[in-house]
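J.: return a 3D structure for these sequence lines:
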Amino acid sequence: MLTWNIGDLNPGASGSITVQMQSRFDQAQDTLNATNQARISTPTTDETPNNNTSSHTVAVETVD
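T.: Numbers count the residues shown, from 1 in each chain. I've put the predicted structure just below:
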């Protein structure tokens, strides 16, 4: 797990963090799935807390 404090965001604002990953050289499968998950929190009242998480699965492929 990686954790960042990206500082304060105004309502409606967005930010991004880029993470690059590499598969193991000796992985048995040609493709492995990796699921990226993100969550944001606030110490203040959030009118729409159901939009504070997201996930996305990507295929990590070996290089020939």
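J.: what residues are up against G7?
T.: Contact criterion Cβ atoms under 8 Å, 6 or more residues apart in numbering gives no residues in contact with G7. (C-beta placed from N, C-alpha, C; glycine too.)
J.: what's the pLDDT at it?
T.: Per-residue pLDDT puts G7 at 79.
J.: ok, it to T18 distance?
T.: As defined by Cβ to Cβ, to the nearest Å, G7 lies at a distance of 17 Å from T18.
J.: and the helix or strand of the chain with the lowest mean pLDDT, what does it pack onto?
T.: Sorting the helices and strands of the chain by mean pLDDT, DSSP states H and E puts strand 31-39 at the bottom, at a mean of 85. Packing partners of strand 31-39 (3 or more Cβ pairs under 8 Å, 6 or more residues apart in numbering; DSSP states H and E): strand 53-61.
J.: distance from the strand it packs on to the middle of the chain?
T.: 8 Å (Cα atoms, centre = their mean, to the nearest Å).
J.: so what strands line up beside it?
T.: strand 31-39 (antiparallel) (DSSP bridges).
J.: which of the residues in the partner strand are buried?
T.: For strand 31-39, a neighbour-count test (16 or more other Cβ atoms under 10 Å) marks nothing as buried.
J.: how about low-confidence regions in the protein?
T.: 23-27, 63-64 (pLDDT under 70).
J.: mind running it again at 50?
T.: For the chain, no stretch is flagged by pLDDT under 50.
J.: neighbours of V19, how many?
T.: V19 has 7 neighbours, counted by other Cβ atoms under 10 Å.
J.: contacts only, for it.
T.: 2, 36.
J.: cutoff 6 Å now
T.: Under the criterion of Cβ atoms under 6 Å, 6 or more residues apart in numbering, V19 has no neighbours.
J.: neighbours around I40, how many?
T.: Neighbours of I40 (other Cβ under 10 Å): 13.
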